[in-house]
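In: Attaching a predicted model along with its sequence, questions to come.
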Amino acid sequence: MQLIGRARLYSRNKNLVVEASNVPPIGEKVYDEKAMLVGYVYDVIGPVTSPFVLVKVDESRWEPEALVGKLLYWSGNVGPTGGKLRTKKQRKK
């Protein structure tokens, strides 16, 4: 698992804003320090030199405000398609 960064705040749009040291692809699953699924990458904003990752939190499992200040991670498995795994049909083409 690779570190994304530290969660800074929970926005009014119900996204967790993470100050990113590594930027995962949009749609990647996001985990906490205990490898528990938190949500997924919704968007990447800000300048290229210091980006922020917006994480859509699974509110049925988490209280989003409790994640502020925590380190968040992603699996780090990016395939040749930029993070999306290809199906067998797509590989045969």
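Out: Right, received. Where do you want to start?

In: list the contacts for residue 39?
Out: Contacts for residue 39 were tallied using Cβ atoms under 8 Å, 6 or more residues apart in numbering; they are 16, 29, 30, 55, 56, 57, 58, 62. No exception for glycine: its C-beta is placed from N, CA and C like everyone else's.

In: again, only using 6 Å
Out: With contact taken as Cβ atoms under 6 Å, 6 or more residues apart in numbering, residue 39 is in contact with 30, 55, 56, 57, 58.

In: Compile those residues into a markdown table and extend it with columns for distance to residue 4.
Out: Rendered in a markdown table, the data for the contacts of residue 39 read as follows (distance: Cβ to Cβ, whole Å):
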| residue | distance to residue 4 |
| --- | --- |
| 30 | 7 |
| 55 | 8 |
| 56 | 14 |
| 57 | 13 |
| 58 | 16 |
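
In: Please, a PyMOL command that selects the buried ones among these?
Out: Those of those that count as buried under 16 or more other Cβ atoms under 10 Å are selected in PyMOL with:
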select buried, resi 30+55+56+57
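
In: taking the contacts of residue 39 one by one, which sit in strands?
Out: Counting by DSSP state E, these place 30, 55, 56, 57 in strands.

In: so how far is residue 63 from the second one?
Out: Here the criterion is Cβ to Cβ, to the nearest Å. By it, residue 55 lies 14 Å from residue 63.

In: Could you do the first one as well?
Out: Noted for residue 30: a distance of 16 Å to residue 63, by Cβ to Cβ.

In: rewinding a little: quick check: of the contacts of residue 39, which lies closest to residue 77?
Out: Proximity of the contacts of residue 39 to residue 77 was ranked by Cβ to Cβ; the top entry is residue 30 with 13.4 Å.
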